[in-house]
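Peer 1: 3D model of this:
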Amino acid sequence: MERIVIVGGGWAGAAAALTAVYTGAEVILLERTDQLLGTGLVGGIMRNNGRFTATEEMIALGAGDLFELVDRTARHRNINFPGHNHASLYDIHSIEPAIRKLLKNSGVSLRFLSRVTGVKQESGKIQAVIVEKGETIPGAVFVDATGTAGPMGHCRKFGNGCAMCALRCPSFGGRVSLSDLAGVSEITDLRPGGQCGSMSGSLIVNKDSLSKKLIQELNEKGHAVIPVPPSLRKADTLAIKSCQQYALPEYVENVILLDTGQAKLMAPFFPLERLRQIPGLENARIEEPYAGGIGNSIRFLSHPPRNDALLVEGLKNLFCAGEKAGLLVGHTEAIVTGSLAGHNAARYLAGSLLLELPLCLACGDLIRYVREQMHTPEGRLNKYTFSGSVYFQRMVERQLYSTDVAAIARRVIDSGLDGVFRGPIGLAKHNS
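Peer 2: Modelled structure (predicted):
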């Protein structure tokens, strides 16, 4: 069947579905749980640091619907917290229904409770995927947006056991990599010290369990910075985090909370007994993950090799997005890679030249740079994001970081790609 099948309904899968359906293609999105967004269900941070630039690039490229929806529904806009400027915080309670409605209204066919457990392939092409209940779903081209968190065995082996996080593996089955099912030899991801994977970097604390003063501060300012007494500080948790943009001294010396509808605590875990010794947090209740007093979910274990069009090496009709596209941390990064993967899936379907974003754009530079780094021992120890750490430093050095919306739009126009993610695709032949 001449349709695009996207496996995984996180931010990357949602973005891939939209850019694919923009071209007029038939698109089906398979999600193993009963909700979209995956880790985005407990995320909430957008537009901080270089993510502002990337967001505006994507809007100018024609893939702005998800970003504009977040902007319209944000709880807080243009806030600054340690190490991060001009951030927006979306409401984790209302974002999933809004994204679901957007996808449906755009013509994407959504299939929940559809965990893919097998593939049919021939001559280097996937012909169909098989879901857990036995149904075979054929397609002409596929996008692997399955992420890198889970299944439970990885959290037990490389973390503190199943943290009972938003991915809910005990109820819906562990994450399955489409690339791996298709026989692709994936690249193993490491953290400093040589151990596989890294730990998710934040917790969700029930907002109503905070003091009235803290609740008021979060409601008014969007964030709160509470000093941690020296006797309660524990610096060695920074190295195990996926989100290295928050591996700063301020995140050891303070509890930093962000208002996403609940209170997002920027630490991979925090022993409950210690947490409740901090003023304003005496009654704190950790809601996600439930084991957030001792650990968190393990992510970034492996990903497939791919080119800069996000085509998986070794297969002719499989693209990858989000964390499957490399050591990329964040919702913005997932939307960027998802948008390109979905668009290129449609180009493949049309027999057209695949698109690589140019290096004059931060989005194109990130995709190229991460691919290069993934093939070096040192590069595999890092995580990459527009919002901090190694890649944001590169953005600044290469003068790709900007908050001038008009200048960012001009850069996209000068590249000849303004609006490229909208509308039908031409018929220039690709060589795959």
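
Peer 1: Surely Gly193 is in a helix?
Peer 2: No - assessed by DSSP: H, G, I helix; E, B strand; the rest coil, Gly193 does not belong to a helix; its assignment is coil.

Peer 1: Give me the helices and strands touching the helix or strand encompassing Tyr369, please.
Peer 2: Under the criterion of DSSP states H and E, Tyr369 resides in helix 362-374. In terms of contacts (3 or more C-beta pairs under 8 Å, 6 or more residues apart in numbering; DSSP states H and E), helix 362-374 is packed against helix 50-61, helix 331-350, helix 389-397. (Glycine included, C-beta is placed from N, CA and C.)

Peer 1: Show me the contact partners of it.
Peer 2: 50, 53-54, 57-58, 61, 187, 303, 305-308, 310, 325-328, 333, 336-337, 340, 356-359, 379-380, 382, 384, 386, 391, 394-395, 398, 400-401 (C-beta atoms under 8 Å, 6 or more residues apart in numbering).

Peer 1: Return the set of buried residues in it.
Peer 2: For helix 362-374, a neighbour-count test (16 or more other C-beta atoms under 10 Å) marks Ala362, Cys363, Gly364, Asp365, Leu366, Ile367, Arg368, Tyr369, Val370, Arg371, Gln373, Met374 as buried.

Peer 1: Equivalent analysis for stretch 210-222, please.
Peer 2: Buried residues in stretch 210-222, defined by neighbour count with 16+ other C-beta under 10 Å: Leu210, Leu214, Ile215, Glu217, Leu218, Gly222.

Peer 1: Can you check the pLDDT for the second one?
Peer 2: What that stands for is Leu214. We have a pLDDT of 98 for Leu214.

Peer 1: how far away is it from Leu257?
Peer 2: Applying C-beta to C-beta, to the nearest Å, the value for Leu214 to Leu257 is 7 Å.

Peer 1: and for these two, which residues touch both?
Peer 2: With C-beta under 8 Å, 6+ apart, Leu214 and Leu257 have common neighbours Ala224, Ile226, Ala263.

Peer 1: How about the contacts made by the second one?
Peer 2: What that stands for is Ile226. Leu214, Asn254, Val255, Ile256, Leu257, Ile278, Pro279, Gly280, Leu281.

Peer 1: SS state for it?
Peer 2: Applying three-state DSSP: Ile226 is strand.

Peer 1: so what's it bridging to?
Peer 2: Beta-bridge pairing of Ile226 under DSSP bridges involves Val255.

Peer 1: Could you chop the chain up by domain?
Peer 2: 4-195+299-414, 201-288 (automatic domain parsing).

Peer 1: count of neighbours near Asn78?
Peer 2: 12 (other C-beta atoms under 10 Å).

Peer 1: If I look at it, what pLDDT would I see?
Peer 2: 97.

Peer 1: how deep is the nearest residue in space to Leu41 that is not next to it in sequence tucked in, by neighbour count?
Peer 2: Excluding its sequence neighbours, the residue lying closest to Leu41 (C-beta to C-beta, 6 or more residues apart in numbering) is Ala166, at 4.6 Å. Applying other C-beta under 10 Å, we find 22 residues neighbouring Ala166.

Peer 1: Tell me which stretches of this protein form helices.
Peer 2: 11-22, 50-61, 65-73, 95-106, 152-158, 169-172, 178-181, 212-221, 250-253, 272-275, 331-350, 362-374, 389-397, 405-414 (DSSP state H).

Peer 1: what about these, which gets the closest to Gln121?
Peer 2: Across these, Gln121 has its closest neighbour in helix 178-181 (9.3 Å, C-beta to C-beta).

Peer 1: For the helix holding Tyr369, the averaged confidence score.
Peer 2: On average, helix 362-374 scores 97.
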